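Participant: Mind looking at a prediction? Sequence and model below.
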Amino acid sequence: MVLLGFLDEPRGGKMGADDDPSNWTISRIGGQPAFPSAAVSNKLKSSLVCAKCQKEQVFVCQLYCPLAGHKYDRALYLFACRNPSCWNASASWTAIRCQTYDETVEEIASAETEPIETIPLSSTDWCDDADAWNSDAEDDPAPKKKPSSVPTTATKKEIKSEPEVMLNSMKIDDENEKSSSDDDSDDEGMDASTKKKTKEKNLSVASSDAFNEWKKNNLKTCELDVSTSASFPFYYIEIDEEDAVVNEAKLNEQKKLKKAMKNLNNIDEDDDDDETAKGGKEKYEKTPEIEHGDIVFYRFQQKIRYAPDQIIRYDWSGSPLILTKIDNSTLSAQKCRHCQSSCAFEFQLMPALVNFLKIDKQIGLEFGTVFVYTCSANCWDDNNDLYRFENVFVQADPDQNLFD
Amino acid sequence: MSERGGTRGGFGTRGGRGGEGGRGRGEGFRGEGEGRGRGRGEGRGRGRGRRGQRPKEDSTKSWVPVTKLGRLVNDGKIHSLEEIYLFSLPIKEADIIDRLLPGLKDEVLKIMPVQKQTRAGQRTRFKAIVVVGDSNGHIGLGVKCSKEVATAIRGAIILAKLSVIPVRRGYWGNKIGAPHTVPCKVTGECGSVLVRLIPAPRGTSLVCAPVPKKLLQMAG
């Protein structure tokens, strides 16, 4: 079950009663982090420096994310370096996890025992999660949700991580249906690189000097003052389930399209040959490649098109929505720094968030997308621990190398 | 102490709708959550979407850029499409074109059903071909196949916008006034189809079959 975070009110919003910047169990971006206790912030101050440039990191966001059957209040904090040269590097980000034991939460008996199968996903999985026939992935949700089979009775024992197992098994089916996925994406990767090479050859169109001039004029990153310890504007995060949002958006779309459909009917009547009426001689052909050639980014866009303003995508032990092609083994091979157990994907920051990380009306931090991987065992020592570090992986904007 | 998770609730696999009843999606859907606020009281606030203030209708109107180029266009740092063409920057968001070419028109050239043979009979999808252009030097063509006509058209419009390309115009004879025709004889081939564009004097207008005529008119 994927949860999406959207931008909500800024600090001191309309509903005054909700405004509590010091509550550490609220999800928000910007401002200053709210830790469970002052001891945490005191101890952390010295360690929140960028690994590359040793400057102080700025607070990006905090998420309150307790886990099912887990008797802890759990929150994750993200910090990043504002230095433009550190922007797209994983090493300049820090993720912290804080937990406090909470007696009042009732433990579910069998929640944790169901082992979640980690299905080895190939690097091209995201590219071709829909088989070639259905590149829109439009009827994807239909087989996945089986609400009738999920136990609806009240007893807690029956509440297991069944949906997760079901979803995982769905992925196995998809893998089998795939055809020539690896070949396709390899070709696309090659195409993109050859396209780039031909562009580089066309220096007669615009010299690299002209481009550098243009970049200097328009990008103006060197003017950012990174010395002052500023903070991003404070916003709360509103959380919604992806399925709910998508379904609602689809309904809205259909309503709008109904009007357009009337016009379309006229067009259909024009082509009323016998041939075309039954699709006669038209054979199915795969639609031509997209002009820009970046099919991984296209799939990313397709996934978020119903909610393009989402800033956080939360899918505990799910799989990230990749922005650029990446070898899946680098992501899944991450290990927890403290207990050496494997790390599971927890959430990712979406590129839409960059628009809201502004300091003095200028973009203060840039990235493509940021994955946060957390310890799958949720290691924690009640007596000694105040916080634990987690792994961060940053993907740059697909065209970042053109702008550098 | 303020309530856990505030009234906005938290992420994480725990948390049902709290005591607010949410949107009444039904228990079955939330398999792994605990019962509704059972034993935890109303104020726990682990529910989600307590207000639904996020304006759902609005979200489609204002564009939130996802790429760096999109952000630059949104901020107004790029003034014309020609700057993007000059540096061969790939355009990955259709809204960029919308922003830089406000006078863009689109036209559906053809919708044809295509079929695939499956075990259970034939599976028909609709292929939409759409051309976008501003009649002043920019043209784009998009082809999209989808199960529904409307979806195919929408998808094709987006693909057409992504493929917008500048058109070079020249003169037939004397270089007076604005360019009005192709700069030279050009030929294009795709499969067995051959298209040849030949410059003509001013006033000749377009002499061709209806489909290329529509296309060239949109190009300018």
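Facilitator: Perfect, I can see it now.
Participant: quick one, phi psi at B:Gln217?
Facilitator: Backbone dihedrals for B:Gln217, given as degrees, to the nearest 10, come out at phi -70, psi -40.
Participant: Strands of the chain, residue ranges please.
Facilitator: Just going to use chain A. A:3-10, A:28-29, A:58-64, A:72-80, A:93-101, A:235-241, A:312-314, A:343-349, A:358-359, A:362-363, A:369-375, A:388-395 (DSSP state E).
Participant: sorry, should have said chain B
Facilitator: Using DSSP E, strands in chain B cover B:105-118, B:121-133, B:138-146, B:165-166, B:186-190, B:193-197.
Participant: about what we covered before: how about the strands of chain A, which one is nearest chain B?
Facilitator: strand A:58-64 (3.6 Å; CB to the nearest CB). In short, each C-beta sits where N, CA and C put it, glycine included.
Participant: Just the CA trace of the closest one, in PDB.
Facilitator: Below are the C-alpha coordinates for strand A:58-64, written out as PDB (Å, rounded to 0.1, in the frame of the first residue of the first chain):
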ATOM      1  CA  VAL A  58      19.900  21.700   6.600                       C
ATOM      2  CA  PHE A  59      16.800  20.000   7.800                       C
ATOM      3  CA  VAL A  60      14.600  18.800   4.900                       C
ATOM      4  CA  CYS A  61      11.800  16.800   6.300                       C
ATOM      5  CA  GLN A  62      10.500  14.600   9.100                       C
ATOM      6  CA  LEU A  63       8.100  11.700   8.800                       C
ATOM      7  CA  TYR A  64       6.100  10.100  11.500                       C
END
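Participant: how many degrees apart are that strand and strand A:72-80 in direction?
Facilitator: Put simply, strand A:58-64 runs at 160 degrees to strand A:72-80, going by axes from the mean of the first three to the mean of the last three CA atoms, to 10 degrees.
Participant: just the angle between strand A:58-64 and strand A:235-241, please?
Facilitator: 40 degrees.
Participant: if I look at the nearest residue to A:Asp360 once chain neighbours are set aside, how far off is chain B?
Facilitator: By the measure of CB to CB, 6 or more residues apart in numbering or on different chains, the closest residue to A:Asp360 outside its immediate chain neighbours is A:Ala230, 7.7 Å from it. Distance of A:Ala230 to chain B, computed by CB to the nearest CB, to the nearest Å: 19 Å.
Participant: quick one: contacts for A:Ala230?
Facilitator: Going by CB atoms under 8 Å, 6 or more residues apart in numbering or on different chains, A:Ala230 touches A:58, A:82, A:359-360, A:364.
Participant: coming back round to it: dump the strands of chain A to a markdown table, plus mean neighbour count and mean pLDDT.
Facilitator: Formatted as a markdown table, these follow (neighbours: other CB atoms under 10 Å in any protein chain shown; pLDDT from 0 to 100):
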| stretch | mean neighbour count | mean pLDDT |
| --- | --- | --- |
| strand A:3-10 | 22 | 86 |
| strand A:28-29 | 25 | 86 |
| strand A:58-64 | 24 | 89 |
| strand A:72-80 | 23 | 88 |
| strand A:93-101 | 20 | 87 |
| strand A:235-241 | 23 | 86 |
| strand A:312-314 | 24 | 91 |
| strand A:343-349 | 24 | 90 |
| strand A:358-359 | 16 | 84 |
| strand A:362-363 | 16 | 81 |
| strand A:369-375 | 24 | 90 |
| strand A:388-395 | 20 | 89 |
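Participant: could the ones you listed go into TSV alongside distance to B:Leu215?
Facilitator: Formatted as TSV, those follow (distance: least, CB to CB, whole Å):
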stretch	distance to B:Leu215
strand A:3-10	40
strand A:28-29	47
strand A:58-64	48
strand A:72-80	48
strand A:93-101	48
strand A:235-241	43
strand A:312-314	40
strand A:343-349	42
strand A:358-359	42
strand A:362-363	39
strand A:369-375	38
strand A:388-395	38
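Participant: So what's the residue count around B:Glu107?
Facilitator: By other CB atoms under 10 Å in any protein chain shown, the residues close to B:Glu107 number 15.
Participant: pretty sure it is touching B:Val131, no?
Facilitator: Yes. Proximity of B:Glu107 to B:Val131 meets the contact threshold set by CB atoms under 8 Å, at 5.6 Å.
Participant: residues shared between the contacts of the two?
Facilitator: Common contacts of B:Glu107 and B:Val131, defined by CB under 8 Å, 6+ apart, comprise B:214, B:218.
Participant: hang on, A:Phe211 packs against B:Phe87?
Facilitator: Yes. Under the criterion of CB under 8 Å, A:Phe211 makes contact with B:Phe87 at 5.1 Å.
Participant: just for the chain, where's the confidence low?
Facilitator: Since you didn't name a chain, this refers to chain A. Applying pLDDT under 70 to chain A picks out residues A:12-19, A:105-207, A:218-229, A:260-288.
Participant: Chain B, not that one
Facilitator: B:1-9, B:12-61.
Participant: Show the contacting residues for the most centrally placed residue in it.
Facilitator: Nearest to the geometric centre of chain B sits B:Ile158, at 2.8 Å (CA atoms, centre = their mean). When contacts are counted by CB under 8 Å, 6+ apart, B:Ile158 is found next to B:94, B:142, B:144.
Participant: In JSON lines, list those along with distance to chain A.
Facilitator: Output for the contacts of B:Ile158, formatted as JSON lines (distance: CB to the nearest CB, whole Å):
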{"residue": "B:Ala94", "distance to chain A": "9"}
{"residue": "B:Gly142", "distance to chain A": "9"}
{"residue": "B:Lys144", "distance to chain A": "6"}
